[in-house]
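> Return a 3D structure for these sequence lines:
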Amino acid sequence: MGLTEVVPFLLESELVKLGVNIEKVANSQPKVVVCDRIITGQNPASATGVGT
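Just a heads-up that it's a prediction; the model follows:
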């Protein structure tokens, strides 16, 4: 999104350093991942999938 000069760190980069497996799709596309009892969505387009 072009904010690397504005924010102090990128969350994705920090999570990868900690060994987190990142799954993603192109911007504005829905992406929902379920792992045990944790449900995550990549962006607002994922809201329906996270909520159902």
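> Could you pull up the residues touching the residue nearest to the spatial centre of the chain?
Nearest residue to the geometric centre of the chain (C-alpha atoms, centre = their mean): Q42, 3.8 Å. Shown in contact with Q42 (C-beta atoms under 8 Å, 6 or more residues apart in numbering): K24, V25, Q29, P30, K31, V32. Backbone N, C-alpha and C define where each C-beta goes, glycine included.
> Phi, psi for R37 please.
phi -100, psi 10 (degrees, to the nearest 10).
> Distance of the residue nearest to S46 when sequence neighbours are not counted relative to L18?
With C-beta to C-beta, 6 or more residues apart in numbering as the criterion, S46 has its nearest non-adjacent residue at 4.5 Å, and that residue is P30. Plainly put, P30 is 25 Å away from L18 if you go by C-beta to C-beta, to the nearest Å.
> So if I had to pick from those two, which one is more boxed in?
Neighbour count, other C-beta atoms under 10 Å: between P30 and L18, P30 has more, with 15 against 6.
> How about the contacts made by that one?
Per C-beta under 8 Å, 6+ apart, neighbours of P30: G41, Q42, N43, A45, S46, T48, G49.
> Just those: which are in strands?
Judged by DSSP state E, strands contain the following of the contacts of P30: G41.
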